[in-house]
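Trainee: Need a 3D model of the following:
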Amino acid sequence: MRPTLFAFILCALHGTASAQPRLATPDLSCAEAAGLVARVGAIVMTTGPFTYARFVHDGGFCPLPETTRPAFETTRDVPRCFVGYTCHDRFTEGASRD
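Mentor: Predicted structure coming up:
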């Protein structure tokens, strides 16, 4: 059986794939959000109705030449919770965007 046919049959038997909802920092406690980032290392979470961010535990989860910046987000119990870091380009930090 060809691989593409097999994949089609497998999907048909198990139903269609659906997107998993993304965790939202406003729905988590500060400890839950920070603990999740620390446990998995890097994760994308919703931060508001139309926003999201990728949070990392440390710079080892950022591509080169990026560096980390502390990330504070609103959580269920803390308005400004340190959840981990976000990755930013170290060479264009502070550069004007004219």
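Trainee: Going along the chain, name the helices of this protein.
Mentor: Taking DSSP state H, the helices of the chain run over residues 3-14, 30-40.
Trainee: among these, where is the model least confident on average?
Mentor: Lowest mean pLDDT of the helices of the chain: helix 3-14, a mean of 46.
Trainee: Where does the prediction get shaky in the chain?
Mentor: In the predicted model of the chain, residues 1-20, 93-98 satisfy pLDDT under 70.
Trainee: Geometrically speaking, which residue is the centre of it?
Mentor: Geometric centre of the chain, nearest residue: V44, 1.1 Å, by C-alpha atoms, centre = their mean.
Trainee: Give me the neighbour count for the closest residue to that residue other than its chain neighbours.
Mentor: In space, and not counting its chain neighbours, V44 is closest to R54: 4.9 Å by C-beta to C-beta, 6 or more residues apart in numbering. For glycine as for every other residue, the C-beta is placed from the backbone atoms N, C-alpha and C. Residues near R54, counting by other C-beta atoms under 10 Å, number 16.
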